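> Quick one, fold the following:
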Amino acid sequence: MERCKWCKLNNPIYVAYHDLEWGVLRLDDPYLLEMLILESFQAGLSWECILNKRLDFQKAYDFFDLDQIIHYDEQKIQELLFHSKIIRNRLKIYASIQNAKIFKQIQNEFGSFSNYLLTFTKNQIFYEIGNVTNILSDNLSADLKKRGMKFVGSTIIYSFLQAIGIIYSHEKDCYLYQNKSN
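Have a look, this model is predicted:
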C-alpha cells in the first residue's frame, strides 16, 4: 500500500498517524488545542519527533485540558521545563500557556475555536499538494499573531490545517489521495 513519501514506514506511530488521523477533518476544540500546541512545539524540529513524544505531552499537559493549562503557575512551568520526555524549550512552554489563554479568549468571542476557524475557511476543504503555506495559513497566522499567539507562523499554521483536515494534502501516489472531484 503506497503512502505519502514523508511517512516513515519504520515508525508505527507515524504510519498510524498518516493512515488514521492526518488530513481527517476534525474540528472539536480539545483536539484543535492539542494540535495547535503540538504544532507550535514542532518549530525547528521534525513532526516525527513530536509524534514520538505525543503521549508524554498529553500527560504533561493534563491531556490538553484548556481550563487547566490557562491556570498553569510557575511551579507547573518548572515541572514542564524539567520533564525529560517532552520538548523543554522555555519559550515554547511559555508560548503554549499564553496561546491557550488566547484560544480561550477566541472561544469566548466566537463560541468555539472551530467557529473562529470557519470564519477563515467558510466550511471549505482545500485540496493541494506540495505547499507549505497558502493565503489561508497566511491570514490565519497573521490574525493569531495579532491576538498575541507565538510560534504560529504561516508554515506552522499550514501544518496545523493539514493535520486537522482543512487542508487535504495526501500525495497522488498515496492510497488516501483525494481531490475536489473524488
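
> Tell me, how many residues neighbour the nearest residue to residue 29 once chain neighbours are set aside?
Nearest non-adjacent residue to residue 29, counting by C-beta to C-beta, 6 or more residues apart in numbering: residue 113, 4.9 Å away. For every residue, glycine as well, the C-beta is placed using N, CA and C. Residue 113 has 23 neighbouring residues, counting by other C-beta atoms under 10 Å.

> Quick one, grab the pLDDT at residue 113.
Looking at residue 113, its pLDDT stands at 98.

> same deal with residue 44?
What the model reports as pLDDT for residue 44 is 89.

> can you pull the contacts of it?
By C-beta atoms under 8 Å, 6 or more residues apart in numbering, the contact list for residue 44 is empty.

> Doesn't it lie inside a helix?
No - assessed by DSSP: H, G, I helix; E, B strand; the rest coil, residue 44 does not belong to a helix; its assignment is coil.

> Next, work out how far apart it and residue 72 are.
Distance from residue 44 to residue 72, counting by C-beta to C-beta, to the nearest Å: 23 Å.

> Tell me how many other residues crowd the nearest residue to residue 95 once chain neighbours are set aside.
Excluding its sequence neighbours, the residue lying closest to residue 95 (C-beta to C-beta, 6+ apart) is residue 150, at 3.8 Å. Number of residues near residue 150 (other C-beta under 10 Å) recorded here: 17.

> Give the helix, strand or coil label for residue 150.
Applying three-state DSSP: residue 150 is coil.
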